[in-house]
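Asker: missing the sequence, but the structure's below:
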């Protein structure tokens, strides 16, 4: 079984079933399709909390590439999942599904996702995986 920790801002969307995916970099082993996964916030701290019980089931793991703009480093300029390039509408929908905002304001979620990545990670092109799960409810 694989466990993932999330920043506090993602706890409520995960619990509510609004966020059913995560983007992760390289590690020894990621979840596999059909496997139960454990989702936490503040893992390895005294504030650690399991977000969903029973454990959700991983339904998909695919390679992902994300690029940010050179003119505005807070904007996601490109995204590719499993070798397929996403268009602007698909990138925005991905950002919404990843917990970065609602579909009400065009471009808002995409920008928030870019700002999050720039604030938390030093990169201009990310290569990793997107892991999706089925809500346990």
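Answerer: Looks like it arrived, so ask away. On a predicted model such as this, the values are computed, not experimentally measured, just so you know.
Asker: longest helix in the chain, by number of residues?
Answerer: When the chain is parsed with DSSP state H, its longest helix is helix 108-120.
Asker: so for it, what gets flagged as buried?
Answerer: 108, 109, 110, 111, 112, 113, 114, 115, 116, 117, 118 (16 or more other CB atoms under 10 Å). Every residue, glycine included, has its C-beta placed from N, CA and C.
Asker: continuing past the lowest-mean-pLDDT helix or strand in the chain, what's the next helix or strand?
Answerer: Every helix and strand in the chain was compared by mean pLDDT, DSSP states H and E; the lowest is helix 108-120, with a mean of 86. Reading on from helix 108-120 to the C-terminus, the next helix or strand found by DSSP states H and E is strand 125-134.
Asker: direction included, what does that following strand pair up with?
Answerer: According to DSSP bridges, strand 125-134 forms sheet pairs with strand 21-24 (antiparallel), strand 57-68 (antiparallel).
Asker: residue 46: which of the ones you listed is closest?
Answerer: strand 21-24 (23.1 Å; CB to CB).
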